[in-house]
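A.B. asks: could you look at this predicted model? Sequence included:
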Amino acid sequence: MKHIAIMGSTGSIGTQTLDIISEHPDRFRADVLTAGSNWQLLAQQAIRFKPRKVVIADDTHYENLSEALHGTGIQVEAGRKAVEQAGCDNNTDIVVAALVGYAGLLPTLNAIRNGKCIALANKETLVVAGSIMTAEAEYHDVALRPVDSEHSAIFQCLQGEEMNAVRRIFLTASGGPFRTLSKSQLEDVTVEQALNHPNWSMGAKVTIDSASMMNKGFEMIEARWLFNTPPERIEVVVHPQSIVHSMVEFVDGAVKAQLGLPDMHLPIQYALSYPERLPLNSRPMNVMDFANLEFAKPDMEKFPLLEMAYDAISAGGNRPCILNAANEVAVKAFLNKQIKFVQMPEIASYTIRTVAHISHPDLDDLIQTHDEATAVAKEYVSTLKSTHV
């Protein structure tokens, strides 16, 4: 029996993790659940799964959550600091790091420092502080098991292989909802169109990142750290069908690929059950339904944020942290209909030019960088005039 702490249980990854736990109650138990502000869903999850503890980041909802769980015996905590420590308890075996964006950094780092196995769904943790996180994981002998479908695919392809036999990693990308649009057509896309992903059902932030291909840039950086592979050997390939989740090419020319329907339950379960494979109640894939699988190079001119990600990891230091902070501000502004879709790269570029580069940042430097870059990006957003509605 593995006791699971889910950081972000009310989000897309969190709710699907609870699906896995409910399917295998003899193998997994929900030990700790955390949420940002959705206390109603958190309370429902707690009543159903009976965790030892729940934490709500927005402490204004503490009384509501406590009242909803009165008499259950479930411990209720609130506030950002409580979330940061939620995965550190002795009872917990695996922490599912599913918080969105920079918010996942300190909770994941604290869990690593307390020796917890990490099922990593929060790519921004490695984007912001990849060298620190991987060094801490090695020092504390902690496994970082990928939950992103692409990184899980790579992880599966590497089983039984030596890393020195890897020539290239192919990171597949759906291309998002705007893959076939021209650069000029992107000028007028709406939030609703950007949220209409053709293959995956995800949270709003990651769906917008998929539309801009920023998500794939972040996944490239995540792969660089997870698999200790230089970015020039990680190639993004557009694959509209989202059946091949990623591929690994070896020095002898062999290529391994992991295929499956676009369903996050599989990579989540594999991260929890590794090295075992457990039965999964999901629709089987009929290969005859996918006789035509397409692959193409991404259009860096149309999706400049992907190229910015390569530039950021090449520059190193705090540059990826700057890019991540600027993107978080840009995505929020776009979702709030304050800017156009095509203005997001402009915000990122301005923030990168404005915030000083630090070659070898420590954790405090990265926290300060995030705060400064966020402020710079917000100020720049306020100067933009958008006619987008």
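C.D. replies: That came through fine.
A.B. asks: just the buried residues of stretch 163-174, please?
C.D. replies: Neighbour counts using 16 or more other Cβ atoms under 10 Å place 166, 168-174 of stretch 163-174 among the buried residues. Any C-beta I mention is one placed from the backbone N, CA and C, and that applies to glycine too.
A.B. asks: switch those residues over to TSV; also include secondary structure.
C.D. replies: Shown next, in TSV, are those (DSSP: H, G, I helix; E, B strand; the rest coil):
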residue	secondary structure
V166	strand
R168	strand
I169	strand
F170	strand
L171	strand
T172	strand
A173	strand
S174	coil
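A.B. asks: what's the closest of those residues to P262?
C.D. replies: Using Cβ to Cβ, S174 is the member of these that sits closest to P262, with 8.1 Å.
A.B. asks: what sits against that closest one?
C.D. replies: Contacts here follow Cβ atoms under 8 Å, 6 or more residues apart in numbering; on that basis S174 touches 197-200, 210, 238-240, 242.
A.B. asks: format the buried residues of stretch 163-174 as JSON lines; extra columns: distance to N64 and pLDDT.
C.D. replies: Rendered in JSON lines, the data for those read as follows (distance: Cβ to Cβ, whole Å; pLDDT from 0 to 100):
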{"residue": "V166", "distance to N64": "50", "pLDDT": "98"}
{"residue": "R168", "distance to N64": "51", "pLDDT": "98"}
{"residue": "I169", "distance to N64": "46", "pLDDT": "98"}
{"residue": "F170", "distance to N64": "47", "pLDDT": "98"}
{"residue": "L171", "distance to N64": "42", "pLDDT": "98"}
{"residue": "T172", "distance to N64": "42", "pLDDT": "97"}
{"residue": "A173", "distance to N64": "40", "pLDDT": "95"}
{"residue": "S174", "distance to N64": "38", "pLDDT": "91"}
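A.B. asks: let me have those in CSV, adding distance to Y139 as columns.
C.D. replies: Compiled in CSV, the buried residues of stretch 163-174 are given as follows (distance: Cβ to Cβ, whole Å):
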residue, distance to Y139
V166, 24
R168, 29
I169, 25
F170, 31
L171, 28
T172, 32
A173, 33
S174, 36
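A.B. asks: sorry, back to before: nearest to V76, of the contacts of S174?
C.D. replies: Nearest member of those to V76, counting by Cβ to Cβ, is W200, at 32.9 Å.
A.B. asks: run a quick neighbour tally on D362.
C.D. replies: Summarising burial for D362: neighbours were counted as other Cβ atoms under 10 Å, giving 11.
A.B. asks: same check, this time on T34
C.D. replies: Around T34 there are 27 other residues, counting by other Cβ under 10 Å.
A.B. asks: with M1 instead?
C.D. replies: By the other Cβ under 10 Å criterion, the neighbourhood of M1 contains 9 residues.
A.B. asks: I'd say it and R29 touch.
C.D. replies: Yes: taking contact to mean Cβ atoms under 8 Å, the distance of 5.9 Å between M1 and R29 places them in contact.
A.B. asks: what's the pLDDT at I20?
C.D. replies: I20 carries a pLDDT score of 98 in this model.
A.B. asks: scratch that, S386 is what I was asking about
C.D. replies: Looking at S386, its pLDDT stands at 48.
A.B. asks: which among the buried residues of stretch 163-174 gets closest to Q368?
C.D. replies: Within those, distances to Q368 taken as Cβ to Cβ reach their minimum at L171, with 30.5 Å.
A.B. asks: residues contacting the closest one?
C.D. replies: When contacts are counted by Cβ under 8 Å, 6+ apart, L171 is found next to 150, 154, 216, 219-220, 223, 234-237, 246.
A.B. asks: sitting in helices, which of the residues you listed do you find?
C.D. replies: The helices, defined by DSSP state H, take in 150, 154, 216, 219-220, 223 from these.
A.B. asks: just confirm S282 contacts H265, I think it does.
C.D. replies: Yes: because the distance of 5.8 Å satisfies Cβ under 8 Å, S282 is recorded as touching H265.
A.B. asks: quick one on the thing from earlier: mind giving me the ChimeraX select for the contacts of L171, buried ones only?
C.D. replies: Listed next is the ChimeraX selection for buried residues among the contacts of L171, using 16+ other Cβ under 10 Å:
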select :150,154,216,219,220,223,234,235,236,237,246
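A.B. asks: okay, now the domains of the chain?
C.D. replies: Residue ranges for the structural domains of the chain, counted by automatic domain parsing, are given in the record as 2-146, 151-290, 316-383.
A.B. asks: need the ones you listed in JSON lines (columns: distance to M308).
C.D. replies: Rendered in JSON lines, the data for those read as follows (distance: least, Cβ to Cβ, whole Å):
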{"stretch": "domain 2-146", "distance to M308": "12"}
{"stretch": "domain 151-290", "distance to M308": "7"}
{"stretch": "domain 316-383", "distance to M308": "6"}
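A.B. asks: now distance to A296 too, for the contacts of L171, in CSV please.
C.D. replies: Conversion of those to CSV gives the following (distance: Cβ to Cβ, whole Å):
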residue, distance to A296
E150, 16
I154, 20
K216, 13
E219, 17
M220, 17
A223, 19
I234, 17
E235, 12
V236, 10
V237, 7
S246, 15
